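In: Sequence below, structure please.
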Amino acid sequence: MIRVVFVAVVGLLVSAGPAVAQTVAAQSFTEAIVAARALVRANVQQQRIVGYVAAVYADGRVVWAEGFGYANVEARTPVWPSTRFRIGSVSKTLTATALGLLVEDGRLDLDVPIQRYVPDFPVKRYPITTRQLAGHLAGIRHYRGDEFLSNRLYPSVRVALDVFEDDSLLFEPGTQYSYSTYGWSLIVRSSRVRRGRISWSSCSSACLPRWACGTPVPIGWTASSHSERATTCSATTR
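Out: This next block holds a predicted model:
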């Protein structure tokens, strides 16, 4: 049975423009691609999405990749399948991979209080574990107000914790679910304190830094970069 993974990358929520396609589909996928393209275009228009890339990976290869809308509205630059978007919450997936490596190598215990790895994080009414943080079960809050729109570049992960670290928990950890980006910020901090910092030179070498032992893990990336450097690339959204 062929396993199909559908990946969509969404840009800023404003009006969408024309689509630019790069289709590499086998004949057997043609009808599915036509239907998927119509679905994506309708979503782009209804949600007023400025730029969007959809891709389908099946049976070991990309069978469809297409860009919709604009990478740069002012310059009317269309989105291509190769257009780079800000990574956003895909960071959680990469962090989870690094977290798994730490656990696999016996360098991190998922079930001890987070203060073992981040001793300067304030003690709360209830203990918080990395497992609870990873499952959005720790009671750490998510964005408030316009925090979601912030483009502030923090000098360190530790400084980024200042936004929420003094806030009370939303509930006793393990009793409820509440999605939290800030909870994952705390996981990143615990990993860095435990095994050192990520270097973007490792990322630009198409590797996921292995925080657990310092050995880079190849992941096949060829066009990733730090956001500061990416802004100078014409193939990057703005």
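In: okay, and for this structure, where does confidence drop off?
Out: Scanning the chain for pLDDT under 70 picks out 1-27, 192-238.
In: longest single strand anywhere in it?
Out: Across the chain, the longest stretch assigned as strand under DSSP state E is strand 61-72.
In: other SSEs contacting the helix or strand that comes right after it?
Out: Moving toward the C-terminus from strand 61-72, the next helix or strand (DSSP states H and E) is strand 77-78. Packed against strand 77-78 by the contact rule (3 or more Cβ pairs under 8 Å, 6 or more residues apart in numbering; DSSP states H and E) you find strand 61-72. In short, each C-beta sits where N, CA and C put it, glycine included.
In: Give me the buried positions along the strand it packs on.
Out: 63-72 (16 or more other Cβ atoms under 10 Å).
In: still on that earlier bit, pull the longest strand of the chain out as PDB, backbone CA atoms only.
Out: Extracted C-alpha coordinates of strand 61-72, given in PDB (Å, rounded to 0.1, in the frame of the first residue of the first chain):
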ATOM      1  CA  ARG A  61       9.300  10.300  -4.500                       C
ATOM      2  CA  VAL A  62       7.600  13.700  -4.800                       C
ATOM      3  CA  VAL A  63       4.600  13.200  -7.200                       C
ATOM      4  CA  TRP A  64       3.200  16.700  -7.000                       C
ATOM      5  CA  ALA A  65       4.600  20.100  -5.800                       C
ATOM      6  CA  GLU A  66       2.900  23.400  -6.600                       C
ATOM      7  CA  GLY A  67       3.100  27.000  -5.400                       C
ATOM      8  CA  PHE A  68       0.100  29.300  -5.000                       C
ATOM      9  CA  GLY A  69       0.000  33.000  -4.500                       C
ATOM     10  CA  TYR A  70       2.900  35.300  -3.800                       C
ATOM     11  CA  ALA A  71       6.200  35.100  -2.000                       C
ATOM     12  CA  ASN A  72       6.400  38.900  -2.100                       C
END
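In: Can you list the strands that it pairs with?
Out: strand 19-22 (antiparallel), strand 51-58 (antiparallel), strand 77-78 (antiparallel) (DSSP bridges).
In: So which of those is nearest Gly135?
Out: strand 51-58 (26.6 Å; Cβ to Cβ).
In: The top helix by length along the chain vs strand 61-72, what angle?
Out: If you go by DSSP state H, the chain has its longest helix at helix 30-47. Computed by axes from the mean of the first three to the mean of the last three Cα atoms, to 10 degrees, the angle separating helix 30-47 from strand 61-72 equals 20 degrees.
In: State the distance from the nearest residue to Val188 once chain neighbours are set aside to Ser190.
Out: Ranked by Cβ to Cβ, 6 or more residues apart in numbering and with sequence neighbours excluded, the top spatial neighbour of Val188 is Val157, at 5.3 Å. For Val157, the distance to Ser190 equals 10 Å [Cβ to Cβ, to the nearest Å].
In: Same question for Lys124.
Out: Using Cβ to Cβ, which is the criterion applied here, Lys124 is 15 Å from Ser190.
In: ok, these two, which is more surrounded?
Out: Ser190 (22 against 19; other Cβ atoms under 10 Å).
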